[in-house]
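[1] predicted model and sequence follow; I will ask about them next.
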Amino acid sequence: MANELILIVEDNEKNRRLARDILQVKSYRTIEAETAEAGLEMAPRENPDLVLMDIQLPGMNGIQALKKLRENEATRGIPVLAFTASVMPQDRREIMEAGFDGFVAKPINLKEFIATVAAALDKDPAGGS
């Protein structure tokens, strides 16, 4: 069952809109932040089921934001997926070693994106069909 709330932290409007549209078509609810700082304010208040976190953000980057989420008792248990164009093996290794629960590469591969989100939420990526 979808309907989970996903916080999308992404400064690029096109990427944010694409992620939102894909997730909403799959019956997820979404909220959005353009900066890590705004996402960190929203997360404890909105209690999302998942955070989709861009790595390259203005101000605080996604790795720094993840550290803050993990330090906060109210948000430490929320799964966080890295959402990034940094797809070189060393970048991916650094991102995963930082403690992300998964990795979504940009540009988005639709099937991989949905499967990664579903896995992070412990859901069937086929959506029951």
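    Perfect, I can see it now.

[2] every contact and neighbour count from this point should use C-alpha atoms.
    Fine.

[3] now stretch 69-89, how far from the centre of its chain.
    7 Å (Cα atoms, centre = their mean, to the nearest Å).

[4] how about the contacts made by residue 107?
    Counting by Cα atoms under 8 Å, 6 or more residues apart in numbering, residue 107 touches residue 85.

[5] hang on, it in a strand?
    No. Counting by DSSP: H, G, I helix; E, B strand; the rest coil, one finds residue 107 to be coil, located in no strand.

[6] report the buried residues of the strand or helix carrying residue 8.
    Using DSSP states H and E, residue 8 maps to strand 5-9. Applying a neighbour-count criterion of 16 or more other Cα atoms under 10 Å, one finds 5-9 buried in strand 5-9.

[7] swap in stretch 56-66?
    56-57, 61-63, 65-66.

[8] now do that stretch: everything it contacts.
    10-11, 35-37, 40, 53-55, 80, 82, 84, 95, 98-100.

[9] got the end-to-end distance for that stretch?
    Stretch 56-66 has an end-to-end distance of 13 Å (Cα to Cα, to the nearest Å).

[10] got it, and stretch 17-33?
    11 Å.

[11] phi first, then psi, for residue 115.
    Phi and psi for residue 115, reported as degrees, to the nearest 10, are phi -60, psi -40.

[12] run the chain-centre distance for the lowest-mean-pLDDT helix or strand in the chain.
    In the chain, the helix or strand scored least confidently by mean pLDDT, DSSP states H and E is helix 89-97, which has a mean of 90. Relative to its chain's centre, helix 89-97 lies at 16 Å (Cα atoms, centre = their mean).
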